[in-house]
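1. return atomic coordinates for the entry below.
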Amino acid sequence: MNELAANPLPQWQYLYGKPDITAVIRSQPTDFIVDEQLNFQPSGSGEHLLLQIEKQGQNTQYIARQLARLTGLRMRDISYAGLKDRHALTRQWFCFKWPIKQELAWQQWQIEDSRILQVVRHYRKLRLGALKANHFQLTLTEVSDPAALVKRLDSIKAGVPNYYGEQRFGRSGGNLALADRLFAGERIMDRQIRGLALSASRSFLFNTVLSARIEQGWFNQVLDGDILQLDGSGSIFTVAAVDSTLQRRLLDGDVHPTAPLVGIEGSPAGLQAASLEDKALAAHQQWCQGLADYRLQGARRSIRLIPQQLSAAIQGNSVTLEFALPAGCFATSVLRELASYRDGSRPLAEMD
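-> So this is what the prediction gives:
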């Protein structure tokens with residue numbers, strides 16, 4: 001059994017030091033509001049219907065099941081761009097194919113704790129990940145020092161570690177325990193549960209490399225052999241030799257260092273960057289091999305996350321934050337650099 005079973009969620013390094021400010025998030029669902037922003041403009045015509053649905057207290061799969069029931073379609077015919085937390089007020093998009101000339105009385109539908117905000121036609125299916133960004137409005141309550149928290153925003157505007165949030169690992173790291181069992185040879189027949197284990201283990205390894213880089217003082221430093229990602233793009237390139245121009249581009253936010261999403265046929269770093277990654281992953285070779293055995297495609301992910309449209313407002317001992325993040329990034333990665341927070345909805349945030 002991997003050593004993670006006893007301590008599934010280590011204290012990964014903070015970039016600006018662990019904050020001594022305390023706060024509570026999600027005292028109520030409306031303290032955590034998320035709006036999806038699609039990466040395309042709906043065409044207004046076509047065989048597919050896009051539905052923007054506001055929900056509270058329900059998870060994404062629940063809404064998809066209700067749409068399948070109401071339309072008579074199969075669950076797999078209902079698509080969405082991303083998962084959204086149950087313990088929040090979220091506005092997200094769903095999609096299914098529906099004949100152009102066939103009426104759909106969606107105005108009469110009743111879905112518990114949800115409402116349909118708009119329906120628009122589009123020429124193709126909504127794909128997972130088809131998001132430009134998620135916009136967050138988060139209200140932190142019981143903040144021990146609101147002024148100090150807002151002052152700390154000046155630091156994080158330059159970027160925070162792009163950690164996978166605790167949602168990825170399940171309650172008390174349960175998804176990591178599943179990974180331990182899977183890589184020890186246990187057969188997990190349920191494809192969805194097996195996918196949770198694989199995703200959690202790979203996310204854990206990414207966080208481990210990122211934490212090691214911060215510990216070495218290299219978060220905002222280009223290394224020989226680094227693989228850099230262009231800002232706002234999936235394009236990457238390898239650094240043969242560090243120069244002042246590349247370092248300036250990094251500090252300006254034009255490029256970001258990356259860390260591996262372990263798998264096969266990825267883009268390995270070289271030289272100094274490879275040495276860092278190899279040392280960080282040395283204790284987790286069983287997981288690295290397990291991910292390769294399951295044929296997950298290797299990839300790279302930016303280690304730096306720069307919140308956009310960042311603002312804050314103080315009201316008494318509460319602070320309301322607003323910011324936008326690229327798809328696949330976690331608001332909790334921003335929050336952890338601002339305050340040592342307690343989740344009012346549950347002991348550990350968990351993606352349902």
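
2. mind listing what's buried along stretch 10-18?
-> For stretch 10-18, the buried set under the neighbour-count rule, 16 or more other Cβ atoms under 10 Å, comprises 12, 13, 15. Heads up, the C-betas are built off the backbone N, CA and C, glycines and all.

3. and which of those is nearest to residue 208?
-> Of all the buried residues of stretch 10-18, residue 12 has the smallest distance to residue 208: 7.7 Å, by Cβ to Cβ.

4. tell me the secondary structure for that closest one?
-> Using DSSP: H, G, I helix; E, B strand; the rest coil, the structure places residue 12 in coil.

5. correct me, but it touches residue 211?
-> Yes. Between residue 12 and residue 211 a contact is recorded at 4.0 Å, counting by Cβ atoms under 8 Å.

6. and residue 309, what element?
-> When elements are assigned from DSSP states H and E, residue 309 belongs to strand 308-315.

7. tell me the mean pLDDT for that strand?
-> Strand 308-315 comes out with an average pLDDT of 95.

8. can you name every helix or strand that it contacts?
-> Under the contact criterion of 3 or more Cβ pairs under 8 Å, 6 or more residues apart in numbering; DSSP states H and E, strand 308-315 touches helix 146-156, strand 318-325.

9. okay, buried residues for the lengthiest helix in the chain please.
-> Secondary structure of the chain per DSSP state H: the longest helix is helix 191-215. Neighbour counts over helix 191-215 (16+ other Cβ under 10 Å) mark 194, 196-214 as buried.

10. what is the helix or strand just after it packed up against?
-> Next in sequence after helix 191-215, counting helices and strands by DSSP H and E, comes strand 227-230. Strand 227-230 is packed against strand 236-238, strand 255-261, strand 299-302, with contacts defined by 3+ Cβ pairs under 8 Å, 6+ apart.

11. swap in 10 Å and give it another go.
-> Applying 3 or more Cβ pairs under 10 Å, 6 or more residues apart in numbering; DSSP states H and E, we find strand 227-230 packed against strand 236-238, helix 244-251, strand 255-261, helix 271-281, strand 299-302.

12. now that strand, how far from the centre of its chain.
-> How far strand 227-230 lies from its chain's middle: 19 Å, per Cα atoms, centre = their mean, to the nearest Å.

13. same check, this time on stretch 247-267
-> Centre-to-centre, stretch 247-267 and its host chain are 17 Å apart (Cα atoms, centre = their mean).

14. straight-line length of it, end to end?
-> 21 Å (Cα to Cα, to the nearest Å).

15. one more: stretch 46-64?
-> 21 Å.

16. and stretch 308-324, by the same measure?
-> End-to-end span of stretch 308-324 (Cα to Cα): 5 Å.

17. poorly predicted segments of the stretch 1-150 of the chain, please.
-> 1-8 (pLDDT under 70).

18. what ranges do the strands span in it?
-> 22-25, 32-38, 48-56, 79-80, 89-97, 114-122, 131-140 (DSSP state E, counting those that start in this stretch).

19. the residue most distant from the middle of the chain, which is it?
-> residue 101 (38.4 Å; Cα atoms, centre = their mean).

20. state the distance from that one to residue 51.
-> 19 Å (Cβ to Cβ, to the nearest Å).

21. go on, residue 233?
-> Using Cβ to Cβ, residue 233 is found at 30 Å from residue 51.

22. that older thread, would TSV of the helices and strands packed on strand 308-315 with distance to residue 87 be doable?
-> Formatted as TSV, these follow (distance: least, Cβ to Cβ, whole Å):
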stretch	distance to residue 87
helix 146-156	22
strand 318-325	17
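
23. go through these and pick out the most buried.
-> Neighbour counts (mean count of other Cβ atoms under 10 Å) averaged over each of the helices and strands packed on strand 308-315 peak at strand 318-325, with a mean of 19.

24. what is the mean pLDDT for it?
-> Mean pLDDT, strand 318-325: 97.

25. the closest residue in space to residue 104 that isn't next to it in sequence: neighbour count?
-> Spatial nearest neighbour of residue 104, excluding adjacent residues (Cβ to Cβ, 6 or more residues apart in numbering): residue 98 at 5.9 Å. Number of residues near residue 98 (other Cβ atoms under 10 Å) recorded here: 18.

26. wait, isn't residue 111 in contact with residue 68?
-> No. Between residue 111 and residue 68 there is no contact under Cβ atoms under 10 Å: 11.6 Å.

27. alright, I will stop here.
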